[in-house]
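Novice: Give me coordinates for this.
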Amino acid sequence: AGCAIGEEFMETGRDALVIYDDLSKHAWAYRQVSLLLRRPPGREAYPGDLFYLHSRLLERAARLANHYVIVPKDFDAEEAEPGDGVDGKVYKGPLSRHDAERALKAMENAADYKIVKVKGTGGSLTALPIIETLLGDVSAYVPTNVISITDGQIYLENNLFYAGIRPAVNVGLSVSRVGGDAQTKAMKQVAGRLRLDMAAFRELAAFAQFGSDLDAATQARLNRGQHLQEILKQPQYAPVPLENQVITIYAGTHGYADDVPLERMREWEEALNRFMATSYPEVGKAIVEEGRISDETEALMVKALDEFKAGWR
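Specialist: Residues are numbered from 1 along each chain as shown. The predicted structure follows:
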C-alpha cells in the first residue's frame with residue numbers, strides 16, 4: 001500500500017520516499033506462512049520465491065524522465081500541458097532538454113519563447129529497505145538478497161554506537177554503487193583524502209592496541225584518524241550544511257585539528273563554523289554557488305583556517 005501511494009506521487013511528477021521498516025520481519029512472516037502451507041523450504045527454510053518477492057517490490061522504485069515543451073515567454077505557469085507547445089512537439093527521452101534547447105535556438109524570435117517542463121513528468125520513487133542482521137551476520141540469506149537488489153547499503157553496528165561513534169556506520173561493510181556521482185565536486189575534492197586517512201587509521205589502529213612502540217609518523221597518522229573520527233560524529237536531528245561539511249573536512253585532513261584535544265573537538269568545530277560564517281562568509285557562498293573548491297576559494301580558505309588556528313584557544 002505504501003509503495004502504491006508512492007507511485008501515485010511519482011506518476012504525478014513529484015518525488016517520494018518509501019521506507020520499508022523492516023523487510024526482515026516481512027521475510028520471517030512469509031517463511032512461517034509458507035511452512036504452514038507445506039511449501040518446499042529452501043535456504044534457511046525460506047521459500048524459493050523470496051528473492052523474487054523482494055525484488056519485485058523494490059524495483060518499483062524509479063526515476064521518470066522529464067518531458068519539455070516550448071511555450072511563449074509570457075506563459076505564467078511553472079509546468080505546461082503536452083498540448084501547450086507552440087511547435088506542437090513534446091521533447092522526450094534522455095536528451096529531451098538538449099533537443100528542446102536546440103529547437104528553441106532554431107526558431108525565429110527565439111527570445112520570445114522559453115522551455116517549460118510538462119506536468120506530471122520527472123517524478124521519482126526511492127526505496128529505502130531496512131534489514132535486521134542476526135549477530136551481525138551480513139552474509140545471511142535476506143541481507144545478501146537485498147544487498148544484491150539495491151544500489152548500496154549503510155551498515156550500522158552496535159559496537160560503534162555504544163562507543164559513541166554516531167552515526168554508527170561501519171565504513172568497511174557500507175558500499176555505494178553510485179559512488180561519487182551522488183556527491184558535489186567540492187565534496188569529491190575533500191572526500192578522497194578523507195577516505196585514505198581513515199583507511200590508514202583503521203589499519204594502524206589494529207596494531208596500536210597491542211601497545212607496541214610506534215614511530216612518529218605512525219603516531220601522527222593515528223592522531224589524525226582520531227581527530228577525523230571526532231569530526232565525523234554528528235548529533236541526532238542536526239543536519240550540517242554542505243559548506244560547513246567541506247570546510248571542516250578540509251581542515252581536518254590538512255592537519256588544522258591535529259593539536260586540538262579530542263574532548264574539545266565539538267567545541268572546535270562549532271567555533272570554526274561560527275568564524276567562517278562571520279569573518280569569511282564568501283568561502284561558504286562560493287562552495288555552494290560553484291559546487292567546487294576553486295583555486296581562489298582554496299587560497300582564501302587556507303588563509304581563514306590559518307587565522308582561525310592562530311586565534312583559537
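
Novice: pLDDT score for residue 211?
Specialist: For residue 211, the pLDDT comes out at 61.

Novice: How about residue 134?
Specialist: Reading off the model, residue 134 has pLDDT 89.

Novice: host element of it?
Specialist: Using DSSP states H and E, residue 134 sits within no helix or strand.

Novice: now do residue 258
Specialist: Here residue 258 is assigned to no helix or strand, by DSSP H and E.

Novice: what's the answer for residue 240, then?
Specialist: Residue 240 belongs to no helix or strand when assigned by DSSP H and E.

Novice: neighbours around the closest residue to it other than its chain neighbours, how many?
Specialist: Excluding its sequence neighbours, the residue lying closest to residue 240 (CB to CB, 6 or more residues apart in numbering) is residue 234, at 6.6 Å. In short, each C-beta sits where N, CA and C put it, glycine included. As a burial measure, residue 234 scores 12 neighbours (other CB atoms under 10 Å).

Novice: got any ranges where the stretch 151-300 of the chain has weak pLDDT?
Specialist: For the stretch 151-300 of the chain, applying pLDDT under 70 flags the ranges 210-212.

Novice: do that again at 50, thanks
Specialist: Along the stretch 151-300 of the chain, the model assigns pLDDT under 50 to no residue.

Novice: all helices of it, in order?
Specialist: Using DSSP state H, counting those that start in this stretch, the helices found in the stretch 151-300 of the chain span residues 158-162, 185-208, 216-232, 242-253, 265-279, 281-290, 295-311.

Novice: most packed of these?
Specialist: Most buried of the helices of the stretch 151-300 of the chain, by mean neighbour count (mean count of other CB atoms under 10 Å): helix 242-253, with a mean of 22.

Novice: who's in contact with that helix?
Specialist: 184, 186-187, 189-191, 193-194, 197, 224, 227-228, 231, 240, 257, 269, 272-273, 276, 283-285, 287-288, 293, 301, 305 (CB atoms under 8 Å, 6 or more residues apart in numbering).

Novice: and with 6 Å instead?
Specialist: 186, 190, 193-194, 197, 228, 231, 269, 273, 276, 284, 287-288, 305 (CB atoms under 6 Å, 6 or more residues apart in numbering).

Novice: give me phi/psi at the residue nearest to residue 240?
Specialist: Main-chain torsions, residue 234, degrees, to the nearest 10: phi -150, psi 130.
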